[in-house]
Structures are given as structure tokens and as C-alpha cells.
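Student: just need the structure, nothing else, for what follows:
(one chain, ligands or ions: 1)
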Amino acid sequence: MDNLSKEQRSYCMSRIRAKDTMPELIVRRIVHRLGYRFRLHRRDLPGCPDIVLPRHRKAIFVHGCFWHMHSCRYGQVAPTTNRNYWGRKRKGNVQRDQEELRALRHLGWKVLIVWECWTKDVPTLERRVQQFLTNI
Ligand SMILES: [Zn+2]
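Tutor: Numbering: from 1, shown residues only. Reported below is the predicted structural model:
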């Protein structure tokens, strides 16, 4: 925890505050159903991954399409008010996501990004998660 910068820490805390969102609960339920044990929001890892499987050294992020600018139609919405503010904020998120992904991989972690829109199709998502967890 102590090797995080102030900015990283506050980002971490904001993620933890938002932790019980529906998409995240859906993903947790899937991982649980597949029989894996996991931990939530490891603060000592870059980006505070939402779901962490320490034994497998795998981490899952659940990203909101809008906030992380997914290529789907939800992620490509441009707000009509305060456009510059949201634009900066979202681009900042994307840049941070990339940095954290790189940092995690550098530490030997395998990472899966689950997009919020994927959680609308649970069977397909479950296949994706299973594939990620069974691949070495
Ligand atoms: Zn999406």
C-alpha cells in the first residue's frame, strides 16, 4: 500500500467505493461458480484489480464502458455537457489503464479486462472467463 502515490491511492479508494456494482457482482458470481477462490481489490497491486486469484497470478478488471472508453456504442458516447472535462477524465482513465496493465504484466500477472457490456450476455462471458482462468 505504501508504494502507491497519493493519486494512485485515491484512485484505488474510488474503485473500492464503487465495488459492488452490478457488472462486478456478475463477474464475481461467475468466477465463484467456476470454483475459483479469489480476493477483491488487492490494494498492493497496480490498479487495484477487482478480482485477484493469487495462486494463479491472474487478475480481472471490470471496466465500465463509458468511463474506460470501450470501443462499443456505450463507450463511444460523447456527453453533450462539459464535453472537455469528461473527455480529459476518460482519456486519463484509458491512459492509466494501459500503464497499470503494463505494470501488472511486468510483475508476471495475467490480466483479463471484462467490459460492462459483456455482462449482458452471461453465458458468453462465462466462457471467456473460463478460458482465461484455465489457460496457463
Ligand atoms: Zn462496452
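
Student: for the nearest residue to residue 77 once chain neighbours are set aside, grab the count of nearby residues.
Tutor: Residue nearest to residue 77 in three dimensions, not counting chain neighbours: residue 66, with 6.2 Å by Cβ to Cβ, 6 or more residues apart in numbering. Backbone N, C-alpha and C define where each C-beta goes, glycine included. The local packing of residue 66 (other Cβ atoms under 10 Å) involves 17 other residues.

Student: state the phi and psi torsions of residue 115.
Tutor: In terms of degrees, to the nearest 10, the main-chain angles of residue 115 are phi -90, psi 140.

Student: hang on, the earlier thing: ok, the residue nearest to residue 77 to residue 117 distance?
Tutor: To residue 117, residue 66 is 10 Å away according to Cβ to Cβ, to the nearest Å.

Student: mind listing the shared neighbours of these two?
Tutor: 74-75 (Cβ atoms under 8 Å, 6 or more residues apart in numbering).

Student: which non-adjacent residue is nearest the spatially most central residue of the chain?
Tutor: Among the residues of the chain, the one closest to the centroid is residue 61, at 2.0 Å (Cα atoms, centre = their mean). In space, and not counting its chain neighbours, residue 61 is closest to residue 113: 5.1 Å by Cβ to Cβ, 6+ apart.
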